[in-house]
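Enquirer: Based on what follows, work out the 3D shape:
(one chain, ligands or ions: 1)
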Amino acid sequence: MSTVRVIARIRPLLTKESESEVIVRVREDGPAITIPNPKNEKENFTFPFAAVLESETTQAQIFNEVFPTIKHLFKGNDATVFAYGVTGTGKTFTMRGGKSVAERGVIPRLLSAIYKRGKELEKKSEGQITVTVDMTYYEIYNDKVFDLFEPPEKRSLAGLPLREHDKKTIVVGLTEKRVSSLKEFEALYDTANANRTTFATKLNASSSRSHAITGVRVIIENRTTEEARMGTLSAIDLAGSEDNRRTCNDKERMTESASINKSLFVLAQCVEAISKKQARIPYRESKMTRILSLGQNNGMCIMILNIAPTKAYHLDTLSSLNFANRAKKIEVKEVENPVVRINQKIADLDSCTELMQRPALRPVSNSYNTSALSLKTKQGSFISTGEKPPSQATGQRPAKPNALRQKTSNAAPQPKVEMGPSDIDKLVERKVEEILAARAGGSKNVSVDNNNNGAMIKRVEQLERQLKQSKGLTANKKQKKEKPTIATTPTAGDPPYSSLSGGLKMYEIELPDAPPLERVPSKKKKAVIPKEKVGDSLILPGADLSLTSLTSISTKPTAQKRKKTFMVFQEGDHEDTPAGAEGATPRTARLLAIINSEDVHQIKSLRGVGPKRAEFLAGYVRDRKAANGVVEGVLKLEDLAALPGIGKKIVEAMRVGVGEQAALPAKSGVKKVCKEGMLGGGLLSVREDLFGSGKGLLGVREDDDEEREFVRTPGRRRSRTVMSRGEAVREAMREYVDHLDKAFA
Ligand SMILES: Nc1ncnc2c1ncn2[C@@H]1O[C@H](COP(=O)(O)OP(=O)(O)OP(=O)(O)O)[C@@H](O)[C@H]1O
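Expert: Numbering: from 1, shown residues only. Predicted coordinates for the structure are as follows:
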């Protein structure tokens, strides 16, 4: 066991900054930083770290601090190096560096050291050892994952999906490149960096608006012993948090900023929760934290804390120092990846199924995208991995902002008021409106361009969607208490999912309770659907129901009158409707989405599709995408049926199968799934045999392959996972809103 090693780096003064503004100092008696208490400048706070590097530190010196990762990698271990700090503090300079050799950053230096050591090994072994280096590079922008080896015009708007596989987070569909020399790396890295999203803000002329993750896998094969080791490195240049009062961001930058701040906020929550040893770590609240999975990975972890020395950054620096202070206590297991037989490994590279059957071959941490690897197309990728967070934890309160940060905040302490989704909407709307109005040069009451503002709010809403949905679940719980009568209306006035613009809307339908699942059925009772909702398409890829059909849901009035909740989806202009599937039934749309995903694993899960057919379909879609220069929607139902070895019958089997996917994890007790829909980025599956049976409805939210978050079993009490998540998220949401409030103030 070791802990996250924090290296603090103070950047030099920029031309517009002066020595008199410097407030960050290095303690002479140890590697520590001091900074005045903003409320009482005579008092100093001290933060000790593993190393503190002053402003004159060269790129070579900072690399020396990171150099131990090389030895670690060649031993077959994993390592993560990430740069954290406020915008404009030098993260990109540190990780990527400048053009000249002297200014080369940590990442190119790491690669250079890897090649150097690899060559030495190969030479010393007289050809018995070969070292190969593979690389992926991607960014998380506005909570979407994009491959930096792909030019922006080839990006799908939805970004690349994440999957959970074997308790690891995998980015599906990334390009992986074998990179044989530093020269090759540099060419590739430069091109990829040009694809990264950067913009000028007031605080940084070239501000990274995304988190960039470089994955490097080193494979050392020894022909004498016929063994292979594999170490993976993830080097992450996080986007910088920023205070929008100082950025003067426009609407788009502000949206990015909200997304950046949100993911960093969630990261802080995770670190807080880990340091307090809480059972529930909210990794899943953002893609970045899901991928980074700090504290969940095995292997060395180094955090470079970038700091600006001047007073202008006072509160932000303090907040970063607090974050790092907590992060440095996070324990990481230093577990070597297993050694594998070379032929075994090659076989694994060739077969997805074989690979899946041999867990020993999977790297333990920050690992390689095994499923993508198995495609043989080198479209796999590196990932950061994580043990599954303790998702079943209940009743855990999320982290509260730490005391120091609160102490230094100028804002009056916020009372912990309950906020409904509409309150949050209003708050965000009001804040955006105010700031836009103020920027337009008018007073806060000046009316703003409603169209633009609407678009802005929509974007912000999108960012908030996941949190709100979980919030909504908690809100529903309360509502149910308040309205003990039978109701089948979409939650009126303040629908919990009102902000799901462009997605599937979710209504909650309350029905009189059923007896426990085993009881004998009694009278049917019709649920009442409000007129305006009748005829609305009611879900869900996999079930062509309409709201009218809901009226035939049978329920069993009982003496106990327990209440239950039915999750019903209304299909809106779902942003995830795959291109080419417009107008298709939800079931067909879902089928096409699966096939167009190129994900062999998913395709194989379709009825009538075995590994070979899945490989064929994935390859076919991939080729078509490449040939047409598009990234999605290349395959329509007719095309599918016309493919050799497929035909209409198989297509129909696939369609039916989409509606009846079996084999959800045994834990949930779900046997047969009839309906699926996206909920908060996860897949909600509804159990066919219970839907409409009066026995209750069991919904399982899965994030990708893995069962996640909630199971509602009205027959039993809805007691599993979701409520604790809702509670935690509500708390997190409140804090986030405070944070937004501060940023927009
Ligand atoms: N150690 C350093 N030596 C010289 N210049 C530096 C150093 N660190 C940062 N800079 C300069 O400071 C400016 C901001 O740095 P950089 O873009 O790396 O910040 P950042 O933290 O990545 O910001 P953002 O989060 O907005 O992307 C750049 O002009 C960069 O060249």
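
Enquirer: Check the gap between residue 286 and residue 268 for me.
Expert: Using C-beta to C-beta, to the nearest Å, residue 286 is found at 11 Å from residue 268. All C-beta spots, glycine's among them, are computed from the backbone N, C-alpha and C.

Enquirer: again with residue 610
Expert: Taking C-beta to C-beta, one finds residue 610 at 46 Å from residue 268.

Enquirer: more crowded one of those two?
Expert: residue 268 (24 against 10; other C-beta atoms under 10 Å).

Enquirer: what pLDDT does the more buried one get?
Expert: In this model, residue 268 is scored at 80, pLDDT.

Enquirer: ok, the one residue in the stretch 1-150 of the chain that gets nearest to the ligand - contacts?
Expert: With C-beta to the nearest ligand atom as the measure, residue 90 is the residue of the stretch 1-150 of the chain nearest to the ligand, at 2.7 Å. Residues in contact with residue 90 (C-beta atoms under 8 Å, 6 or more residues apart in numbering) are 9, 11, 306, 308.

Enquirer: how about a cut-off of 10 Å?
Expert: Residues near residue 90 by C-beta atoms under 10 Å, 6 or more residues apart in numbering: 9-12, 14, 55, 62, 83, 105, 204, 240, 304, 306-308.

Enquirer: Can you report phi and psi for it?
Expert: Backbone torsions of residue 90, given as degrees, to the nearest 10, read phi 110, psi 20.

Enquirer: Next, find the distance separating it from residue 35.
Expert: Distance from residue 90 to residue 35, by C-beta to C-beta: 17 Å.

Enquirer: now residue 284
Expert: Distance, residue 284 to residue 35, by C-beta to C-beta: 33 Å.

Enquirer: got it, and residue 650?
Expert: 66 Å.

Enquirer: Count the neighbours of the residue in the stretch 201-350 of the chain that the ligand sits nearest to for me.
Expert: Sorted by distance to the ligand under C-beta to the nearest ligand atom, the residues of the stretch 201-350 of the chain start with residue 240, at 2.6 Å. As a burial measure, residue 240 scores 28 neighbours (other C-beta under 10 Å).

Enquirer: Just give the closest residue to it, not the sequence neighbours.
Expert: Using C-beta to C-beta, 6 or more residues apart in numbering and skipping residues adjacent in sequence, the residue nearest residue 240 is residue 87, 3.3 Å away.

Enquirer: Same check on residue 37?
Expert: Excluding the flanking residues, the one nearest residue 37 by C-beta to C-beta, 6+ apart is residue 43, at 4.2 Å.

Enquirer: Residue 284 and residue 35: who's more crowded?
Expert: Just comparing residue 284 and residue 35: by other C-beta under 10 Å the higher neighbour count belongs to residue 284, 27 against 20.

Enquirer: On the three-state scheme, that one is what?
Expert: helix (DSSP: H, G, I helix; E, B strand; the rest coil).

Enquirer: right, and it touches residue 266 too?
Expert: Yes - counting by C-beta atoms under 10 Å, residue 284 does reach residue 266; the two are 9.0 Å apart.

Enquirer: Between the two ends of stretch 191-209, what distance do you get?
Expert: Stretch 191-209 stretches 17 Å from its first residue to its last (C-alpha to C-alpha, to the nearest Å).

Enquirer: give the contact list for the nearest residue to residue 152 once chain neighbours are set aside.
Expert: Among residues not flanking residue 152 along the chain, residue 195 sits closest, at 5.8 Å (C-beta to C-beta, 6+ apart). Listed by C-beta under 10 Å, 6+ apart, the contact set of residue 195 reads 137-139, 146-155, 212.

Enquirer: Could you work out the most separated pair of those?
Expert: Spatially, the most separated pair among the contacts of residue 195 is 153 and 212, at 18.9 Å (C-beta to C-beta).

Enquirer: Look at those two and report which has more neighbours.
Expert: Neighbour tally, residue 153 and residue 212, criterion other C-beta under 10 Å: the higher count belongs to residue 212, 28 against 9.

Enquirer: Read off the pLDDT value for that one.
Expert: Value listed for residue 212 in the pLDDT field: 89.

Enquirer: next one: residue 602
Expert: 76.

Enquirer: Then it would be within a strand, right?
Expert: No - membership of residue 602 in a strand is not supported by three-state DSSP, which gives helix.

Enquirer: which one is it nearest to, not counting chain neighbours?
Expert: With C-beta to C-beta, 6+ apart, the residue lying closest to residue 602 is residue 594, at 5.1 Å.

Enquirer: does that neighbour sit in a helix, a strand or a coil?
Expert: helix.

Enquirer: and residue 607, which of the three is it?
Expert: Strictly by three-state DSSP, residue 607 counts as coil.

Enquirer: Could you double-check that it lies in contact with residue 656?
Expert: Yes - with contact taken as C-beta under 10 Å, residue 607 and residue 656 are classed as touching, separated by 6.5 Å.

Enquirer: Could you check how many residues crowd around the residue nearest to residue 602?
Expert: 21.

Enquirer: tally of neighbours for the residue nearest to residue 240?
Expert: Neighbour count for residue 87, taken as other C-beta under 10 Å: 25.

Enquirer: Hmm, it is touching residue 11, no?
Expert: No - between residue 87 and residue 11 there is no contact under C-beta under 10 Å: 11.9 Å.

Enquirer: So for those two, which residues contact both of them?
Expert: Taking C-beta under 10 Å, 6+ apart as the contact rule, residue 87 and residue 11 both touch 306, 308.

Enquirer: ok, which residues in this protein are in contact with the ligand?
Expert: 11-12, 14, 85, 87-93, 204, 206-208, 239-240, 306 (C-beta under 6 Å from any ligand atom).

Enquirer: Of these, just the buried ones, ChimeraX syntax please.
Expert: Selection command for ChimeraX covering only the buried members of the residues of the chain next to the ligand, criterion 16 or more other C-beta atoms under 10 Å:
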select :11,85,87,88,89,90,91,92,93,204,207,208,239,240,306
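
Enquirer: mind listing which of the residues of the chain next to the ligand are in helices?
Expert: Using DSSP state H, the subset of these located in helices is 91-93.

Enquirer: Make TSV out of the residues you listed and add pLDDT.
Expert: Converted to TSV, those look like this (pLDDT from 0 to 100):
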residue	pLDDT
91	92
92	91
93	94
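
Enquirer: any idea which element the nearest residue to residue 231 once chain neighbours are set aside lies in?
Expert: In space, and not counting its chain neighbours, residue 231 is closest to residue 73: 3.6 Å by C-beta to C-beta, 6+ apart. Per DSSP states H and E, residue 73 falls inside helix 68-74.

Enquirer: Since that was my last question, I'll sign off now.
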